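Participant: Just a sequence and a predicted model for now, questions to come.
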Amino acid sequence: MAEIPNTVVDIADAVASKQVKAREVIDHYLARIEARDGEINAFNIVTADEARAQADAVDAAIAAGEKLGALAGVPIALKDNLCTRGVPTTCSSKILEGWKPPYDATVVSTLRGLGTISIGKTNLDEFAMGSSTENSAFGPTRNPLDTSRVPGGSSGGSAAAVAAGFAPVSLGSDTGGSIRQPAALCGVVGVKPTYGLVSRYGLVAFASSLDQIGPFATTVTDAAVITQAIAGYDPMDSTSIPKDVPDFRSAVSAGVSGMRIGRVTDLPEGAEPEVTQRLNEAFVAMEKAGATIVDVQLPSFSYALTAYYLIAPAEASSNLARYDGVRYGMRKQAPDVNAMYGVTRAEGFGDEVKRRIIIGTYALSAGYFDAYYGKALKVRRLIAQDFDRAYSQCDVIMMPTSPMVAFPFGDKVDDPMSMYLCDIYTIPTNLAGHAAVSVPFGTGAHGLPVGVQVLAPALGEVPMFKVAGALEAAQGGKR
Amino acid sequence: MSESLLPDGWELVVGLEVHVELDTKTKLFSGSPNRFGDEPNTNIDPVTLGLPGALPVLNKHAVELAMRIGLALNCTVQPCTFHRKNYFYPDMPKAYQISQYDQPLNVNGYLMLPGGVRIGVERAHLEEDTGKSTHIGGATGRIHGSDYSLIDFNRAGVPLVEIVSHPDIRTSEQARQYVSELRAILVAIGASDAKMEEGSMRCDANVSVHRIGEPFGTRCEIKNVNSIRSLGRAIEYEARRQYDIIESGGTIRQETRHWDDADGRTHTLRTKEDADDYRYFLEPDLVPLAPSAEWVNNVRNALPKLPAQRRAELSVITGADVEGEAVTVVVERGQDAYVAQVAQAGGDAAKTLIYVLQAFAEIGDQPTIPASDIAALTLMERDGKVTATQAKTILSEIVENGGGDPAAIAQAHGFEAMDYSAVEEMVDAAIAAQPDAWAKYCAGEEKAAGALVGAVMKASKGKADGKIVTALLQKRKG
């Protein structure tokens, strides 16, 4: 038996060219999960039987000479806020424990159509609210590189699954950094595509104007391939962009010669010194590779966190109102419907979710709307304008992904504000609806991975992947 | 409105909010069927149920119908946005309703009532309907005292247009006319079947009273009005209730009240303090809607003639009263075009209107009876070839058979109006045979004519035209 490859591209190749069987690939990854996920807890559910059956079907199709999807046989892990028909989708919340959607998210059916094989649903901060996966109702996920530390969040399970080698690729969702930050903390690539590039149909909504689905992978090429596969117009999502998707994969090796990369000179301070050092080295590497570094300013940047923590909870307070025990999910018995709402939601939601629902309801309430939510929307527009101005001088911007490397469990759970600060560099991209990727770039304190973030304007995935690819290449090619 | 609803110097002020279910094939934001009367919870899908991850997609035909309504009510159609109206209730799946808030699709229109009164229409916007709750076990069928409730989500997501009038209505009769005319318009433009009894048109009334010359009083919203007649009763009850409170020194509490048709009163449903803060914000799952000028013009140009114009035209060709029953009913039935056809075919328009009113109740808006048949019959009656009574018989036979040659039918029945001179002879014979009756009639007792007319009808075996007999008697009287 040939060695099982560990990238999307290589697995697809190997399966299609019959060097390995899809079943061998799946068994290989399932064995790794079996061996180590007890410790890591990346998965809420491993769908081993279904995965094996799908792999067998791929092998049968190959044997019969049938035409295959471009990604046939590639295992993938899915964040447990993506609806999967017939497979529990819990958002790591008690209130949806055991709930089986009657339908698939668009990205799920798209990937299945390409032949990928879902091996399970991964853990997250409850309803995608958090930066450490400590808010999961089913226990935290551990960082595979140091199991005393968090993997980041909210897509901690998906990041850890790829970092631990449980799958070559996984999907997460990013509302304020929930793909990029765990990618940085786990030492993998994580992409947040342009808002509207990837369909949100079937993604359980946290903040509708900010949420996007994106991949974790071990290589930039894999990330580009999967981003491309899930991108594209979906008539089931009214915010989906009705435009053709250019080729992302070829951008990865196109190089950065002649590109202008912005360095933000008025970035909020507070990053760990090693993080700043790695970023500086990244700029040097890009200059060496032929790019020009341009100083830019984003004056409203530091207001982004506050605006986000009004807008996102506001939308969440509305999106999570449907969890009322009436139609699906957990229902606690009570004498009348209002009491039933109260006790179901009190017991079904965790503390961080409740905190954000209360903040969000307050920000929208009569008498406070203008001062809080209304103001936040104005700040949002200022941030977008800042970016527009900056992008008139450069093609992409580079900055850290996370101000710190992976932190120990329990470090920030008692201080929500310090937890919120984890997302200080990732939030502005969501507010602007732009694209960004985190690329592993060296290590920081305790030898833990550091991520460098490449930001691009809306629909700027091509320049973004060019720089991401160059950053990867500068460290000695494929990892 | 009765003359004594409120004393002199007092005025009733009413604004109406009418919700109309649009006649689309599918729902406002999803592809499930928009159908009344199906097995509960069969016209549902992830979007309808507000399942996690579901997203709304706007139904284009609903927009088209909403624009038709706006344009038929003389509104301006403008670029618009959708908002979320947040509140908890079991029949509202997402715990928010997607509606329109400060930028609705249609604004600044009006509706003309018969008689020329103009009622302003502030807005007509799109929103989705909720599911339907049925409360089991209580005495009244309402939630109070019930053991449990059943929810049917077939109706959830059905497209609604909410039409809000300015508070320009001043009598309960005007309110009834407004709703009646609105309904006729909605049916004429194909936007809705607008049946209050099926819930495809729902009416809430905002009622206040004030002394003329003073500012408008505090208003109360009246809900649960299920027919046009109830609307009138509810408004009148509420006006008197508020007047009584004010006259005895009290103040009106701004609240929502429930009309109870059985006991003829309104009751407090919820006060302003209990009212929800809906926390409206722009719906992030939808993009703004800006119908192109071309689309708006196409919709405007494709509007059919509205009932008011059709009544006016029917009145002109038939000479009948534009606000009379005949014109109103025939236009309501959609049979005015047919009357015009018959007139075109040479028939007597006024008579045609009467025939259609009396005999076409079951026929629908596309009568297939050849216009020429009816035309011929009207002329036969007008020219005295058959009596009115005979014409009626011929007409019902034509209707039953879907057509027929009236002359042939008349002949088959042995109908013929009598010759005028023959009638004259009979009249003279009757006068001669009943001198007492004749004397009484000449002395001014109109009733005495009855015996004379009866004698002529008997002698003629019904072939004399009663109207002609009466006219002859008058002529003889001199």
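Facilitator: Yep, that arrived.
Participant: By mean pLDDT, point me to the weakest helix or strand of chain A.
Facilitator: None of the helices or strands of chain A scores lower by mean pLDDT, DSSP states H and E than helix A:416-420, at a mean of 90.
Participant: Pull out the buried positions in that helix.
Facilitator: Residues A:416, A:419, A:420 are the ones in helix A:416-420 that count as buried (16 or more other Cβ atoms under 10 Å in any protein chain shown). Where you see a C-beta, it was placed from the backbone N, CA and C, and this is true even at glycine.
Participant: can you redo those as CSV with distance to residue A:15?
Facilitator: Output for those, formatted as CSV (distance: Cβ to Cβ, whole Å):
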residue, distance to residue A:15
A:416, 45
A:419, 41
A:420, 43
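Participant: of all those residues, which comes closest to chain B?
Facilitator: In terms of Cβ to the nearest Cβ, no member of those lies closer to chain B than residue A:420, at 21.1 Å.
Participant: Identify the residues contacting that closest one.
Facilitator: Residues near residue A:420 by Cβ atoms under 8 Å, 6 or more residues apart in numbering or on different chains: A:131, A:305, A:309.
Participant: Now tabulate those residues in a markdown table and tack on distance to residue B:201 and secondary structure.
Facilitator: Converted to a markdown table, the contacts of residue A:420 look like this (distance: Cβ to Cβ, whole Å; DSSP: H, G, I helix; E, B strand; the rest coil):
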| residue | distance to residue B:201 | secondary structure |
| --- | --- | --- |
| A:131 | 51 | coil |
| A:305 | 49 | helix |
| A:309 | 45 | helix |
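Participant: Flag every residue of the stretch 1-150 of chain A that's near chain B.
Facilitator: A:82, A:83, A:89, A:91, A:96, A:99, A:101, A:102, A:103, A:105 (Cβ under 8 Å from any Cβ of the partner chain).
Participant: now those residues as CSV including neighbour count and pLDDT?
Facilitator: Listed next are the residues of the stretch 1-150 of chain A next to chain B as CSV, based on neighbours: other Cβ atoms under 10 Å in any protein chain shown; pLDDT from 0 to 100:
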residue, neighbour count, pLDDT
A:82, 27, 98
A:83, 28, 98
A:89, 27, 98
A:91, 32, 98
A:96, 25, 97
A:99, 18, 96
A:101, 24, 98
A:102, 12, 98
A:103, 19, 98
A:105, 27, 98
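Participant: I'd like these written out as TSV, with secondary structure and distance to residue B:183 added.
Facilitator: As requested, the residues of the stretch 1-150 of chain A next to chain B are exported to TSV (DSSP: H, G, I helix; E, B strand; the rest coil; distance: Cβ to Cβ, whole Å):
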residue	secondary structure	distance to residue B:183
A:82	strand	47
A:83	coil	42
A:89	coil	46
A:91	coil	46
A:96	helix	45
A:99	coil	44
A:101	coil	42
A:102	coil	39
A:103	coil	39
A:105	coil	43
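Participant: Let me know the pLDDT of the residue sitting nearest the centre point of chain A.
Facilitator: The centroid of chain A falls nearest to residue A:179 when counting by Cα atoms, centre = their mean (2.4 Å). On pLDDT, residue A:179 comes in at 98.
Participant: Just the buried residues of stretch A:233-247, please?
Facilitator: A:234, A:236, A:237, A:238, A:239, A:240, A:241, A:245.
Participant: what's the answer for stretch A:401-417, then?
Facilitator: Result for stretch A:401-417 [16+ other Cβ under 10 Å]: buried residues A:401, A:402, A:403, A:404, A:405, A:406, A:407, A:409, A:411, A:412, A:413, A:416.
Participant: Between these, which sits nearest chain B?
Facilitator: residue A:416 (22.6 Å).
Participant: Count residues in the vicinity of the residue nearest to that closest one when sequence neighbours are not counted, would you?
Facilitator: Of all residues not flanking residue A:416 in the chain, residue A:355 sits nearest, at 6.7 Å (Cβ to Cβ, 6 or more residues apart in numbering or on different chains). By other Cβ atoms under 10 Å in any protein chain shown, 15 other residues sit near residue A:355.
Participant: Confirm for me that residue A:355 is in contact with residue A:419.
Facilitator: No - with contact defined as Cβ atoms under 8 Å, residue A:355 does not reach residue A:419; the gap is 10.7 Å.
Participant: one step back: using JSON lines, please lay out the buried residues of stretch A:401-417 together with secondary structure and distance to residue B:43.
Facilitator: Listed next are the buried residues of stretch A:401-417 as JSON lines, based on three-state DSSP; distance: Cβ to Cβ, whole Å:
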{"residue": "A:401", "secondary structure": "coil", "distance to residue B:43": "47"}
{"residue": "A:402", "secondary structure": "coil", "distance to residue B:43": "48"}
{"residue": "A:403", "secondary structure": "coil", "distance to residue B:43": "51"}
{"residue": "A:404", "secondary structure": "coil", "distance to residue B:43": "52"}
{"residue": "A:405", "secondary structure": "coil", "distance to residue B:43": "53"}
{"residue": "A:406", "secondary structure": "coil", "distance to residue B:43": "50"}
{"residue": "A:407", "secondary structure": "coil", "distance to residue B:43": "51"}
{"residue": "A:409", "secondary structure": "coil", "distance to residue B:43": "49"}
{"residue": "A:411", "secondary structure": "coil", "distance to residue B:43": "51"}
{"residue": "A:412", "secondary structure": "coil", "distance to residue B:43": "48"}
{"residue": "A:413", "secondary structure": "coil", "distance to residue B:43": "46"}
{"residue": "A:416", "secondary structure": "helix", "distance to residue B:43": "43"}
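Participant: beta partners for residue A:454?
Facilitator: Beta bridges link residue A:454 to residue A:398, residue A:437 when assigned by DSSP bridges.
Participant: Report the two of the buried residues of stretch A:233-247 separated the most.
Facilitator: Using Cβ to Cβ, the buried residues of stretch A:233-247 reach their maximum pairwise distance at A:238 and A:245, which is 18.3 Å.
Participant: how about stretch B:356-370: buried residues?
Facilitator: For stretch B:356-370, burial by neighbour count (16+ other Cβ under 10 Å) applies to B:356, B:357, B:359, B:360, B:363, B:367, B:369, B:370.
Participant: what about the second one, which helix or strand?
Facilitator: Translated: residue B:357. If you go by DSSP states H and E, residue B:357 is part of helix B:349-359.
Participant: So is stretch A:210-230 next to chain B?
Facilitator: No - contact of stretch A:210-230 with chain B (Cβ under 8 Å from any Cβ) is absent, the minimum separation being 8.5 Å.
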